[in-house]
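K.L.:
Predicted model, plus sequence, below.
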Amino acid sequence: MIKKLLGALALSLTCVMALAAEGGAHLDRAPDRINDLAALQNGAKIFVNYCLNCHSANSMRYNKLTDLGLTEDEIKKNLLFTADKVGALMTIAMTPEDGKKWFGAAPPDLSVIARAKSTTMGPSGVDYIYTYLRTFYRDASKKTGWNNLTFPSVAMPNVLWELEGPRSMTRVSVHEVTTDDGSTHWARTTETFDQDGFSKVETEDLKDYHGAASEKTTFATPDPKRFSAFESDVADLSNFLGWMAEPDQLLRKQIGVWVLLFLFFFLFVAIRMNASYWKHVR
Amino acid sequence: MAEKNVETTGLLGWVDRRFPLTSMFKEHMSEYYAPKNFNFWYFFGSLALLVLVIQIVTGIFLVMNYKPDARFAFESVEYIMREVPGGWFIRYMHSTGASMFFVVVYLHMLRGLFYGSYRKPRELVWIFGVAIFLSLMGEAFFGYLLPWGQMSYWGAQVIVNLFSAIPFIGPELSLWIRGDYVVSDATLNRFFAFHVIAIPLVLIGLVVAHIIALHEVGSNNPDGVEIKQGPKDKYGRPVDGIPFHPYYSVHDVVGVAGFLIVFAAIIFFGPEMGGYFLEYNNFIPADPLKTPPHIAPVWYFTPFYTMLRATTSDFTWVLAAAALIAAVAMFIKGRLPGIWRLVVPVILLAVAVLLKVFDAKFWGVVSMGGAVVILFFLPWLDHSPVKSIRYRPNWHKVLYAIFIIDFLILGWLGTQPVSPAYTVMGQIGTVIYLAFFLLMPVWSRLGTFKPVPDRVTFRAH
């Protein structure tokens, strides 16, 4: 009986899990480089050079980067811009109040941002950052001249634009239009943002269209080689932020293997001990 | 003064003449006779005790490094995670332990439900147990504010605001609990005091009472047979019983090993448990000016949270109708003695009226609280002639299965943002949950029960 109940329980649990897995905005999966020290070092370099001016990482110390295979001298020489001691925290000179005044929103501290941006039973924060940093486009109508697909109207400009190179964006959406007389028909809207952020919108009516609404965004870059190098850099940076959100995560998993091995041995001993005590119980 | 005569000698004898060490050990361990047919489900009591110890010990070390101050709380948790040697391990043990405590306690309670462990003479064991569950909910709630993330902050805000729904005294009461007009440093400090001192003291006291009461009446077993009423050997010991120590102490070690494997797997390989044990939004520092679009409590509160959200003003019509029908049914067919046959229907009528008088939010709080409080009355709601699910009619087992699935669905709904369809599902789920208990006096005595054996079913290993 109990087994049947447990079966029903397991079944309903899988249903719940399957339901829970649905939904959530589409995010690209970041390449997994969490065990790649060279990639993480490159990510650290990009982070210190491009992010750590407006964003702080108040819980992170520079010398924690030694865990990524860097020496303290290397850190001091190449990465120490905002502090003078290698044991210092990654703080910034800009106050949150100034940030709010200058950008409209204070740039958040990035110590644990990769964990904060994760979705329950969904994409990780690393995926979010990887997608977010690759979906900036020029938009002349915005104060900073930049807009973002993942975070529309974000206050942050595209600080990595030099690495990324020029890009234009085309968004094609197929949608239903209701005219003034109440009848509906389908239309395709093509919106283009050129390399300087000026947009052009064209709408054409679709006759005999029997599909669903859709939206597709494509980017065009004149220099694909430069762009793929940029994508790789963003992957390194995202993975670095993922590492920085919990610097001891590699150690944690390493220890975990040994702990589990010991516990399985312990379970075996416990089962044997229990069996020998209960052998004679009738 | 003459010394007490004891059997032990040496140091132990010296202690025994002054303190009942050996006799206590015998009473609760080596001469406590537990039924020998315990199964898998009987691991969870000792595991709950293990988790309590883990929580207390890791909690002590966390308090050494945590700062209960709205300015430093969030960063002090990250300080523990990064700079305190082994801090991440201690913190993950504590955060995983909180969730595992509920896993273990829910399974422990389900065991009690299956085998009728709350039935006479074990009513007090059960009542102490439900009180432990209630304290545990309080402990978890107070503790969850301490990391001072967005979910900590807004979760506390939502729950404390519930008290403001109580008629007449509500607004002052919630202000008094918070110590401020919004959740603030004052709230953090008092929640810290409750989490670290007040509730743990209550919890330990209740656990001791739970075990003393259990050892007074003796453990139940999967057959629901009283071993004390069965055959006895020449020393007067129940033949179907076996000394807790060493037989169940070594048995429980197996459970501990199995539990620790699961526990360690979570701690070392997925401490966030996909966002259910550590909510991702809680890695954003608390911001009193920025309400998150979706506030979800931690998974172990979600079934009750769904019942709270399900109680809309439409739904109070359903509850009022149910109270009305119950009042009439009680009056016509009720088996209550004497004056109660009149008093209970009158109370139910008053509830039916008040359901439409007071705000639906208040009744949401009542159904959420009632869903827990109703457990206290379980010993008197169950009227079945047998204790164990093994000897109940098959359709009773179906009811149990529906109840379990209902509870899981209520839990899942509580993690989701509100939508009209989910609200209706939550309302149906709430009705099923409440009906399972409130109609138990009726359904639990119906059907053909199987014969209960005189002795426990035990197959030698």
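P.N.:
In hand now; what should we look at?

K.L.:
dump the residue contacts of residue B:284.
P.N.:
A:108, A:116, B:149-150 (CB atoms under 8 Å, 6 or more residues apart in numbering or on different chains). Just so you know, the C-beta spots here come from the backbone N, C-alpha and C atoms, and that holds for glycine as well.

K.L.:
For residue A:193, see how far away it is.
P.N.:
31 Å (CB to CB, to the nearest Å).

K.L.:
Could you work out the most separated pair of the contacts of residue B:284?
P.N.:
A:108 and B:149 (12.8 Å; CB to CB).

K.L.:
The two - which one has more neighbours?
P.N.:
Per other CB atoms under 10 Å in any protein chain shown, whichever of residue A:108 and residue B:149 has more neighbours is residue B:149, with 26 against 18.

K.L.:
Spatially nearest residue to residue B:22, not counting backbone neighbours?
P.N.:
Nearest residue to residue B:22, sequence neighbours excluded (CB to CB, 6 or more residues apart in numbering or on different chains): residue B:16, at 5.0 Å.

K.L.:
Can you check the pLDDT for the one you found?
P.N.:
Residue B:16 is assigned a predicted lDDT (pLDDT) of 94.

K.L.:
For it, give its distance to residue B:6.
P.N.:
Counting by CB to CB, the gap from residue B:16 to residue B:6 is 4 Å.

K.L.:
and residue A:135, how many neighbours?
P.N.:
20.

K.L.:
quick one, what contacts the residue nearest to it when sequence neighbours are not counted?
P.N.:
Nearest non-adjacent residue to residue A:135, counting by CB to CB, 6+ apart: residue A:149, 3.8 Å away. Residues in contact with residue A:149 (CB under 8 Å, 6+ apart) are A:135, A:137, A:217.

K.L.:
With respect to chain B, which of the residues you listed is nearest?
P.N.:
residue A:135 (20.5 Å; CB to the nearest CB).

K.L.:
Which SSE is immediately downstream of the helix or strand harbouring residue B:24?
P.N.:
For residue B:24, the element it lies in under DSSP states H and E is helix B:21-25. As assigned by DSSP H and E, the chain's next helix or strand after helix B:21-25 is strand B:33-35.

K.L.:
What strands line up against that next one, and which way round?
P.N.:
Using DSSP bridges, the strands paired with strand B:33-35 are strand B:241-243 (antiparallel).

K.L.:
In the stretch 101-250 of chain A, what residue comes closest to chain B?
P.N.:
residue A:120 (3.3 Å).

K.L.:
if you count what's nearby, which of residue B:16 and residue B:6 comes out ahead?
P.N.:
Applying other CB under 10 Å to residue B:16 and residue B:6 shows that residue B:16 carries more neighbours, namely 21 against 17.

K.L.:
ok, now how distant is the more buried one from residue B:352?
P.N.:
62 Å.

K.L.:
number of nearby residues for residue A:85?
P.N.:
Neighbours of residue A:85 (other CB under 10 Å): 11.

K.L.:
Could I get the pLDDT score of it?
P.N.:
For residue A:85, pLDDT reads 90.

K.L.:
and if you look at the one 10 residues further on?
P.N.:
According to the prediction, residue A:95 has pLDDT 90.

K.L.:
Ok, residue B:194 next?
P.N.:
97.

K.L.:
a helix runs through it, doesn't it?
P.N.:
Yes - secondary structure assignment places residue B:194 in a helix (DSSP: H, G, I helix; E, B strand; the rest coil).
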